[in-house]
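[1] A predicted structure for the sequence below; I have some questions about it.
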Amino acid sequence: MIEKVNPAHPDKIADRIAGAIVDLAYKKNSNPKVAVEVLIGHGVCHVIIETSETFTIDEVEKAVKRIAGDVALDLVVEKQDEHLAKNQSDKVRCGDNGIFKGVPLTEAEIKLSSYAKDIYAKNPFDGKYILDGDRLIICQSNTEENDIYEDYPNAIVNPLGYWTGGINVDTGATNRKLGSDMAQSVTGGGLHGKDLSKADVSVNIYAFRKAQELNKPVQFSCAIGDEIIDGKPYSEIVEEAREYINKIGGFEKFAEWGLF
């Protein structure tokens, strides 16, 4: 059983905005420290950034409007806490406390991810999809049911009928759709809106990918300041995550679908 939402879902719009701001931080510094929270809905986008970098209202607003359209921006930018900054002052160390797990994807999870991407390619609007055994539920906004039934004749499509969706119907918040992004690998740490020094990003990516490679669950714990995780220097885990993020096109692209 798995749920997947597409990049036009309000929560994913929030994740994408957060990712775009992290991308911006990496254009300013190869190793920035940044954490972004986004709450968006009903014409307003609230953004809080804690960072080592300097952001202007104009550059943040440009990213928000490109992704979300014409919404008002409520922006707060604060310097990263000095105690957290000292943790990374002379080398790359673990930036979070946490437990991180990776779980191999099931056939159903892989199948639904493929369905979701195919549906979104034809219908680039807010949508949510569930696969429970043979029961496929497709909730796709701004789309006639018959258009979906052509490709998925046995699905349950839009149980309440036609709907419009989007940020004028529902609010979106950063990291609220981690089940869609990580399947059974969900932990307490969110994937989006943070730089690579944060274990929420790098160790989650590392654990997920290792589970797929070994085809078995893995789990790691870490304390802020740790230099070794799973017998590897934390700096290597960060660089592996950097390579992965760069390969898929950056943090904003990563936010579209998560890890699968």
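    Thanks, I have it.

[2] alpha carbons only for contacts and neighbour counts from here, please
    OK.

[3] Can you show me the helices along the protein?
    10-28, 57-68, 82-87, 107-122, 145-149, 178-182, 199-214, 234-248, 251-257 (DSSP state H).

[4] deepest of these, which one?
    Comparing those by mean neighbour count (mean count of other Cα atoms under 10 Å), helix 10-28 comes out on top with a mean of 26.

[5] Which neighbouring elements make contact with it?
    strand 34-41, helix 57-68, strand 172-173, helix 251-257 (3 or more Cα pairs under 8 Å, 6 or more residues apart in numbering; DSSP states H and E).

[6] what do you get if the cut-off is 10 Å, keeping everything else the same?
    Here helix 10-28 touches strand 34-41, strand 44-51, helix 57-68, strand 172-173, helix 178-182, helix 251-257, going by 3 or more Cα pairs under 10 Å, 6 or more residues apart in numbering; DSSP states H and E.

[7] Mind giving me the packing neighbours of the third one?
    In terms of contacts (3+ Cα pairs under 10 Å, 6+ apart), helix 57-68 is packed against helix 10-28, strand 34-41, strand 44-51, strand 72-79.

[8] neighbouring strands for the third one, and are they parallel or not?
    In other words, strand 44-51. Here strand 44-51 is paired, per DSSP bridges, with strand 34-41 (antiparallel), strand 72-79 (parallel).

[9] what's the domain layout of the chain?
    Per automatic domain parsing, the domain ranges recorded for the chain read 2-6+106-157, 10-86, 98-105+176-255.

[10] In JSON lines, list those along with distance to residue 168 and mean pLDDT.
    Shown next, in JSON lines, are the domains of the chain (distance: least, Cα to Cα, whole Å; pLDDT from 0 to 100):
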{"stretch": "domain 2-6+106-157", "distance to residue 168": "11", "mean pLDDT": "97"}
{"stretch": "domain 10-86", "distance to residue 168": "5", "mean pLDDT": "96"}
{"stretch": "domain 98-105+176-255", "distance to residue 168": "18", "mean pLDDT": "97"}
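
[11] Using JSON lines, please lay out the ones you listed together with distance to residue 92.
    What follows is the domains of the chain, written out as JSON lines (distance: least, Cα to Cα, whole Å):
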{"stretch": "domain 2-6+106-157", "distance to residue 92": "34"}
{"stretch": "domain 10-86", "distance to residue 92": "9"}
{"stretch": "domain 98-105+176-255", "distance to residue 92": "6"}
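
[12] Of all the ones you listed, which one is nearest residue 167?
    domain 10-86 (4.7 Å; Cα to Cα).

[13] now do the same end-to-end measure for that closest one.
    Across domain 10-86, the terminal residues are separated by 35 Å (Cα to Cα, to the nearest Å).

[14] Now do that domain: distance to the chain's middle.
    From the chain centre to the centre of domain 10-86 is a distance of 14 Å (Cα atoms, centre = their mean, to the nearest Å).

[15] got the contact list for residue 160?
    By Cα atoms under 10 Å, 6 or more residues apart in numbering, the contact set of residue 160 is residue 139.

[16] nearest spatial neighbour of residue 5, skipping sequence neighbours?
    residue 128 (4.3 Å; Cα to Cα, 6 or more residues apart in numbering).

[17] next one: residue 258
    Per Cα to Cα, 6+ apart, closest to residue 258 is residue 181, 4.1 Å.

[18] ok, back up a step: and the helices and strands packed on helix 57-68 as TSV, adding distance to residue 204?
    Listed next are the helices and strands packed on helix 57-68 as TSV, based on distance: least, Cα to Cα, whole Å:
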stretch	distance to residue 204
helix 10-28	16
strand 34-41	16
strand 44-51	21
strand 72-79	25
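
[19] So which of the ones you listed is nearest residue 138?
    helix 10-28 (16.7 Å).

[20] just to revisit the earlier point, looking at the helices and strands packed on helix 10-28, spot the one closest to residue 104.
    helix 178-182 (10.1 Å).
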